[in-house]
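In: what's the 3D shape of this:
(chains A, B, C and D)
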Amino acid sequence: MTDYATDYSPGEMIVTAGARQLENNKVIFAGTGLPMVGITLAQLTNGPGIIPVFEAGAVGPTLDRGLPLSVGDSRTTSRANFIQGLNSAFELTQRGFIDIGFIGGAEIDPYGNLNSTMIGNFPENYMKPVVRLPGSGGAGDMSCSCTYTILIVQHELRRFVEKLQYCTSIGHMDGSKDARKKAGLQGKGPKWVITTKALMGFDDETKRMKILATMPGETVESVQAVTGFDLMVDADVYEFAPPSKEEIRLIRDVIDPTQIFCKR
Amino acid sequence: MTDYATDYSPGEMIVTAGARQLENNKVIFAGTGLPMVGITLAQLTNGPGIIPVFEAGAVGPTLDRGLPLSVGDSRTTSRANFIQGLNSAFELTQRGFIDIGFIGGAEIDPYGNLNSTMIGNFPENYMKPVVRLPGSGGAGDMSCSCTYTILIVQHELRRFVEKLQYCTSIGHMDGSKDARKKAGLQGKGPKWVITTKALMGFDDETKRMKILATMPGETVESVQAVTGFDLMVDADVYEFAPPSKEEIRLIRDVIDPTQIFCKR
Amino acid sequence: MLWTGLSPDEARTYIEQKDKSKRDKRMTMTEAVQTFVKDGDNIGVGGFVNSRQPVAIAHEIIRQGRKDLILSFQSAGLVPDYLLGAMALKPDHLSVQRMEFAYCGHEYAGTSSMLRYMTENEKIFIEDWTNFSMSARFKAGAMGVPFLPIRSGLGGDIEKCNRSQTIQCPFSQRNILLIPACHPDVGILHVQEADIYGNCRIKGQTFTCPEIAMASKNVIVTCDKLIDHEIIAMDPTRTSIPFFAVDAVVELPFGSYPTVCHDIHYYDKIHLEHFKGLTDAFRKGDRDSLAAYYDAYIYGVADTDQFIDKIPYNQLKYARQTESRNLELQTHLTPPIA
Amino acid sequence: MLWTGLSPDEARTYIEQKDKSKRDKRMTMTEAVQTFVKDGDNIGVGGFVNSRQPVAIAHEIIRQGRKDLILSFQSAGLVPDYLLGAMALKPDHLSVQRMEFAYCGHEYAGTSSMLRYMTENEKIFIEDWTNFSMSARFKAGAMGVPFLPIRSGLGGDIEKCNRSQTIQCPFSQRNILLIPACHPDVGILHVQEADIYGNCRIKGQTFTCPEIAMASKNVIVTCDKLIDHEIIAMDPTRTSIPFFAVDAVVELPFGSYPTVCHDIHYYDKIHLEHFKGLTDAFRKGDRDSLAAYYDAYIYGVADTDQFIDKIPYNQLKYARQTESRNLELQTHLTPPIA
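Out: Numbers count the residues shown, from 1 in each chain, chains lettered A, B, ... in the order given. Below is the predicted model:
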């Protein structure tokens, strides 16, 4: 029987959930921050054969120099199999070599489209936003061309919105049939959304977001309460298991001991 | 006063003429055979700063392992500055980094267009030519994108034709104004044609071939006699100086001692 | 169609006519920036976020002052922040009119307050791209083609704000995005090693430095170490950028400090976060602290040597010792205290 | 629009679904060809003219026999000649239906008599390209785009015979050529070094081997030397092809003999010219001499070891000793006599 932790932070819950969703031996495009922690946790638990790819050019490194602070960090290159540059990494993605990409954003809509560009009226105030965010980075590309993506977003009412202020990373678009294919995209789009409140997927027909599991202590209602659109609820919705003591030990002692990304 | 050789072969004359036309410090796309000998001769005489580029990917090597038998030969890489592959070499050309390219062909027309693909009726007999030649190789690309090209063709009546059976390497097209630019090409096209009989250029207006100099022992008439179209004749046509004894020594003793390309 | 920097035809013509000879290209930083960076230039910024950013070149541009610059990069942190900070403090001395980019920020260290300040106050023109589309724009320029097709950005808002165009692929009949080449007037790059002719060796990820070099009209390279040409000639497959693409070679140890330079030094997190904190404070109204930083570390020094001289030795040492070393070996080091 | 090999969408879907795990991929040559080369396949041939041609793989394909093959390459000599020669001798055992290429011949050693025989007798379908356009077709495939724009071949006859399309560039309004991606069913490559997972190191020019590997559905690699994965991990910037693009790794010293293999051996000119002479004779009517060669060197041996065993040792030795050595050192060697 698994020995569950009782003391863990929201970040640690997300990391654990992300890690558990990863299949062994898959090639995973690793973004900075929690995704990097999640991938490393998966490598130490259910996915020893996971192959991380960093957008600055490193394929299949071992993160034995500590957690990179950036996807362009020299730490992403240690004992890699192949290193070139950004074009190479994104062309691998475009070609189909990247199974899974992790993406975040400041806003998300019911179809898994994400905004990481601006808060304000678009297009009117594009040149004078209320808040300017850092921009797409590689997220816009991962969202288009990874085989599928996993989205990580802070679960707040103002972030889960029916309509984005700006669409940076393309999800299931307007949810219409074959919308991505018609647009010219290749990847299948978002498969899961992981938050501190729930694990969500997308309905096969409507492509709208659907609760698959609630995080410990949450209910369908409490999740809906912080979501700015109607969530669908899976028929077999379940409670996601909390992090095990071993998962927490790995995060705290081995992967991110200085709490660079995973605060306690 | 230069000490001229009296005993030299047609190949040696072509190589010498080619070498003398090359300006120092230029980047030159080197094809197999006589061009390679000519470039090496130039490096040993008037062009020590010439930078050869080989289409298989080597930039600026020193040919100190002997004359390469192929542009993909390992000998093209010795002490190079930069080595990648074919796409890299042709992209350098497309970008404008290659000043001069040497090209040959089985047939040439008055505008410097070349055929190295087939003898026979095109397009009717494309799949069943009378004689199938090896094909473009890199010549078709050099003809398009080097800043300018130097053509080397055997001077025979059947090769200097008003109309090619197939246009492999693009010269001045139909000679019309800005024809190359309108087609989408970048390089300026053929500047010189070097044969065993003459050094020729192209008329500024009509873009038709024009005799600039006759090789030793030849006259404008003897050149025209082996040319299947009317050649223009430059107002200042002159007799090209024969190879010097030093040029012949370099070709025979230093560059191509085993007569791989330059027969005596 | 507006081409910033050079149009493909202009870029081709310039390289055609350029002196491509293999000659000694060493220059001082002052000379290099005087010669190759002009008002109104489109500057292609090498490196990636806070990795191998051409910090020393940016400092010299700030010292000399330039107007109406355009910055092109995929993801960058410190260099745009330094330039935007200089503009925020003294817009008559240095100004940026436009940025074409995918990400401006500091990853683990947060968003760019200078980007926020400039955009939220409508002081610069912004063109958003993705990391791949900007990388591919440099690649198109490097390849000598006016565009490349990519499969990103079809159906989102990014391509509505930029010059990309969606076409139907004439072979597959599916939609595809065409992104226009980027030919900066000047590419600014820091590399680990170069010879006097400009042959560059990049260690670790190349980011898009080779593409920026091949796409640009002129290229300034700083290198941590000048190496004998013999070393290049002994293994030319390790050359990342060929000499004829480079116009100025400046030997400048720590030329990308305090960002990470693969195999040379890791981040100086203390210095990075100190500067970042000052930009955050600026956005909230504290102009003086940031101005004091510029006076002390940029305007108040003649060159990068003097800048580095102001960094406490234990920070420099720690940055070097933590680079390319496994975690076990790093735990025996004592981190400097801010 | 006809796609030979895979269409871009098929190629993408195949790689998406492929097992990309890092696993031991060693196979015997027999297994590798049995598993990955099928009748009707589009074969992407690595190497360039007579440099690093995948000779051993071609011999095994001939031994096993395949029908209706399509050969895609930019410039090649020995491998197409071997395959076309096999077809000329026994068309029921091995046949090539189509070639997409820029150059088929032997440079210093002259034209390809087998190409002449096949075309002049209308036995195969030909699609002409240039070295750049074929290279760019593999590159488009490797990049995962259905086409690339290039500035070659606008206004000549080559693009009238092939599937390229001229469009007006939507940015520069100038004509430009679009060439369709090439996604071979199987890429066949010889490299100097590989690890058991398929990470490959190519010495000297890469030709278009990395592009063919990334573009192909499946890839068979022979290597002169299998190296420890540790060596790859110690300097991953030297990896030319990443493991997940490769399906079979066959350690096979002399796998590209008698063509040149950078740093390993130079040409065996005697053997090359001997075979070339037999193909010339075949075209002029002497079938038996060529048939005898195939019986002796290909059908009559079980594998490449046995093929190499038939080469006089002094030819092997001279080929090795003349590689990567300056002319002065070569003059002290005694060339073998044919």
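In: And for A:Lys181, nearest residue in space, chain neighbours not counted?
Out: Leaving out its chain neighbours, the residue that sits closest to A:Lys181 by Cβ to Cβ, 6 or more residues apart in numbering or on different chains is C:Arg174, at 7.9 Å. The C-beta positions use only the backbone N, C-alpha and C, and glycine is treated the same way.
In: what sits against the nearest residue to C:Gln330 once chain neighbours are set aside?
Out: Beyond its immediate neighbours in the sequence, the residue positioned closest to C:Gln330 (Cβ to Cβ, 6+ apart) is C:Thr322, lying 5.4 Å away. C:Thr322 makes contacts with C:266, C:330, C:333, as judged by Cβ atoms under 8 Å, 6 or more residues apart in numbering or on different chains.
In: Give me the pLDDT for the residue nearest to A:Lys181.
Out: As predicted, C:Arg174 sits at a pLDDT of 95.
In: check contacts around it.
Out: A:181, A:184, C:168, D:9, D:146.
In: Looking at these, which are in helices?
Out: Those of the contacts of C:Arg174 mapping onto helices are A:181, D:9, per DSSP state H.
In: Which among the contacts of C:Arg174 count as buried?
Out: Buried by 16 or more other Cβ atoms under 10 Å in any protein chain shown: A:184, D:146, out of the contacts of C:Arg174.
In: from memory A:Glu12 sits against A:Lys245, does it?
Out: No. Counting by Cβ atoms under 8 Å, A:Glu12 does not reach A:Lys245; the two are 11.6 Å apart.
In: Comparing these two, which residue is more hemmed in?
Out: A:Glu12 (25 against 15; other Cβ atoms under 10 Å in any protein chain shown).
In: In the chain, what residue spans correspond to strands?
Out: Going with chain A. With strands called from DSSP state E, chain A shows them at A:27-29, A:51-53, A:58-59, A:82-83, A:100-104, A:107-108, A:114-115, A:118-119, A:131-132, A:148-152, A:190-194, A:198-202, A:209-214, A:232-239.
In: wrong one, chain C
Out: Ranges of strands in chain C, per DSSP E, are C:42-45, C:69-72, C:75-76, C:96-101, C:103-104, C:125-128, C:147-150, C:165-168, C:175-180, C:186-194, C:200-201, C:218-226, C:248-251.
In: Buried deepest among these, which one?
Out: Greatest average neighbour count among these goes to strand C:75-76 (a mean of 32), per mean count of other Cβ atoms under 10 Å in any protein chain shown.
In: Any buried residues in the lengthiest helix in chain C, and which?
Out: Among the elements of chain C assigned as helix by DSSP H, the one spanning the most residues is helix C:269-283. Of the residues in helix C:269-283, C:269-273, C:275-280, C:282-283 count as buried by neighbour count, 16+ other Cβ under 10 Å.
In: Dump these to TSV, plus distance to B:Pro257.
Out: What follows is the buried residues of helix C:269-283, written out as TSV (distance: Cβ to Cβ, whole Å):
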residue	distance to B:Pro257
C:Lys269	62
C:Ile270	65
C:His271	62
C:Leu272	61
C:Glu273	66
C:Phe275	64
C:Lys276	66
C:Gly277	70
C:Leu278	69
C:Thr279	67
C:Asp280	72
C:Phe282	72
C:Arg283	73
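In: so which of those are also by chain A?
Out: With Cβ under 8 Å from any Cβ of the partner chain as the criterion, the members of the buried residues of helix C:269-283 in contact with chain A are C:Lys269.
In: who does A:Thr214 bridge with?
Out: With DSSP bridges as the criterion, the beta-bridge partners of A:Thr214 are A:Ala198, A:Glu239.
In: Which residue would be the closest one in the stretch 1-150 of chain A to chain B?
Out: Closest approach of the stretch 1-150 of chain A to chain B (Cβ to the nearest Cβ) occurs at A:Gln84, with a separation of 11.6 Å.
In: Counting neighbours, which of the contacts of C:Thr322 comes out on top?
Out: Each of the contacts of C:Thr322 was scored for neighbours by other Cβ under 10 Å, and C:Tyr266 scores highest at 25 neighbours.
In: Which residues are in contact with it?
Out: Shown here is C:Tyr266, whose contacts under the criterion Cβ under 8 Å, 6+ apart are A:74, C:260, C:319-320, C:322-323.
In: same thing with C:Phe125?
Out: A:127, C:97-99.
In: Dump those residues to CSV, plus distance to B:Gly66 and pLDDT.
Out: Formatted as CSV, those follow (distance: Cβ to Cβ, whole Å; pLDDT from 0 to 100):
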residue, distance to B:Gly66, pLDDT
A:Met127, 63, 96
C:Gln97, 56, 98
C:Arg98, 54, 98
C:Met99, 53, 98
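In: Of those residues, which is the nearest to B:Tyr8?
Out: Among those, C:Arg98 lies closest to B:Tyr8 (Cβ to Cβ), at 61.5 Å.
In: Please name the bridge partners of that closest one.
Out: Beta-bridge partners for C:Arg98, by DSSP bridges, are C:Ile70, C:Phe125.
In: Around the spatially closest residue to C:Ala291 that is not a sequence neighbour, how many other residues sit close by?
Out: Distances taken as Cβ to Cβ, 6+ apart place C:Leu89 nearest to C:Ala291, at 5.4 Å, with adjacent residues excluded. Here the number of neighbours of C:Leu89 (other Cβ under 10 Å) works out to 19.
In: and the gap between C:Leu89 and C:Val79?
Out: Taken as Cβ to Cβ, to the nearest Å, the spacing of C:Leu89 relative to C:Val79 amounts to 16 Å.
In: got it, and C:Tyr294?
Out: Separation of C:Tyr294 from C:Val79 (Cβ to Cβ): 14 Å.
In: which one of those two has more residues nearby?
Out: Per other Cβ under 10 Å, whichever of C:Tyr294 and C:Val79 has more neighbours is C:Val79, with 27 against 21.
In: Report pLDDT for the residue nearest to C:Ala291.
Out: Confidence at C:Leu89, expressed as pLDDT, is 98.
In: isn't it right up against C:Tyr293?
Out: No. Proximity of C:Leu89 to C:Tyr293 does not meet the contact threshold set by Cβ under 8 Å, at 9.5 Å.
In: picking up where we left off before, which one among the buried residues of helix C:269-283 gets closest to chain A?
Out: Distance ranking of these against chain A, using Cβ to the nearest Cβ, places C:Lys269 first at 7.9 Å.
In: Does A:Arg180 touch C:Gly156 like I think?
Out: No. Using Cβ under 8 Å, A:Arg180 makes no contact with C:Gly156, being 11.1 Å away.
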